[in-house]
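**Q** Model the following, please.
(2 chains)
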Amino acid sequence: GNSVTQMQGQVTLSEEEFLFINCTYSTTGYPTLFWYVQYPGEGPQLLLKVTTANNKGSSRGFEATYDKGTTSFHLQKASVQESDSAVYYCVLGDRSGSFNKLTFGAGTRLAVCP
Amino acid sequence: GPKVLQIPSHQIIDMGQMVTLNCDPVSNHLYFYWYKQILGQQMEFLVNFYNGKVMEKSKLFKDQFSVERPDGSYFTLKIQPTALEDSAVYFCASSLGVPGNTLYFGEGSRLIVV
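**A** The predicted structure is shown next:
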C-alpha cells in the first residue's frame, strides 16, 4: 500500500530561521505529492503540489522537490515568520487508482517564536 | 479560494444516538470525501463518493456509517448508533475531478460522544 513518513513531530524555530521538514513516501502507483497546511481551528489547505518527478513546487516562499530517486518530498523555507506556525502534512495522492484517496503523513507542528 | 462549509462545527451526543454531519461542497465539484482526525493524530481517509455512490472506503468506515447526497443538497455523514471511539473531528472535502486533483477541505465538525 501507500505510506508517508514524517519523522519530525514538532519543529520550533525563531523568525527568519531556515525551515526543513523531512518527508519520504512509498507507493507502487503514480504519485502526486502535496504539502497541506492546517492552521488552528481550520481544515487542511493546499500549500503546494507536484505531479511530475524531479520537479519543484513552490508557494509563499515554501518549496519542495519531488525526488523520485530518494522517494522524498522535503519542505523548505529560507526564512520563516510567526504566521507560518501551523501543522504541515506531507500527502501522497495515487493516480493509478480510479479515485482520489490521499494518504497523509503524521504531520509536523511548526512553532515560530518572534 | 473555493470554500467547503460544514455544519455543525461542534456537537456533543450521547453514545448510541444518531448524528448527521453536513457538508456543502464547492459548487462545481464532483467528488466528495470524509476524513477523520482524532485529537492530535493524523488525518485518516474514511470514504469517497461520486455520482451518487460510494467508490472507496477504508476500514474505519464501519457499518454504522453511511453517506449520501440527496438531490445535490448537502453531502452527509451519518453515524447510527454512535460509539465513544467515534469522537473526533470529521473533515469533508471535495474535488473537481480525477486522481491528482486538489482536495478542498472544510473546517471540520468536532464530534464528542459521551
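**Q** can you map out the strands along the chain?
**A** Looking at chain A here, since you left the chain open. A:3-5, A:10-14, A:19-21, A:24-26, A:31-38, A:45-50, A:56-59, A:62-65, A:75-77, A:86-94, A:103-104, A:108-113 (DSSP state E).
**Q** The chain in question should be chain B.
**A** Using DSSP E, strands in chain B cover B:5-7, B:10-13, B:19-24, B:31-37, B:44-50, B:53-57, B:65-68, B:75-79, B:88-95, B:104-105, B:109-113.
**Q** Could you dump the strands of chain A into a markdown table with mean pLDDT, mean neighbour count and distance to chain B added?
**A** For every residue, glycine as well, the C-beta is placed using N, CA and C. Converted to a markdown table, the strands of chain A look like this (pLDDT from 0 to 100; neighbours: other C-beta atoms under 10 Å in any protein chain shown; distance: least, C-beta to the nearest C-beta, whole Å):
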| stretch | mean pLDDT | mean neighbour count | distance to chain B |
| --- | --- | --- | --- |
| strand A:3-5 | 94 | 16 | 9 |
| strand A:10-14 | 96 | 13 | 11 |
| strand A:19-21 | 97 | 18 | 14 |
| strand A:24-26 | 95 | 17 | 14 |
| strand A:31-38 | 94 | 24 | 4 |
| strand A:45-50 | 95 | 18 | 5 |
| strand A:56-59 | 96 | 15 | 12 |
| strand A:62-65 | 98 | 20 | 15 |
| strand A:75-77 | 98 | 20 | 16 |
| strand A:86-94 | 93 | 23 | 6 |
| strand A:103-104 | 90 | 20 | 4 |
| strand A:108-113 | 96 | 17 | 9 |
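**Q** Nearest to residue B:14, out of those strands?
**A** strand A:31-38 (29.4 Å; C-beta to C-beta).
**Q** elements contacting the closest one?
**A** strand A:45-50, strand A:62-65, strand A:86-94 (3 or more C-beta pairs under 8 Å, 6 or more residues apart in numbering or on different chains; DSSP states H and E).
**Q** Using JSON lines, please lay out these together with distance to residue B:30.
**A** Converted to JSON lines, the helices and strands packed on strand A:31-38 look like this (distance: least, C-beta to C-beta, whole Å):
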{"stretch": "strand A:45-50", "distance to residue B:30": "18"}
{"stretch": "strand A:62-65", "distance to residue B:30": "28"}
{"stretch": "strand A:86-94", "distance to residue B:30": "16"}
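**Q** got a list of what residue 6 touches?
**A** This is for chain A. A:21, A:22, A:23, A:89, A:90, A:105, A:106, A:107, A:108 (C-beta atoms under 8 Å, 6 or more residues apart in numbering or on different chains).
**Q** Please refer instead to chain B.
**A** B:21, B:22, B:23, B:24, B:90, B:91, B:92, B:106, B:107, B:108, B:109.
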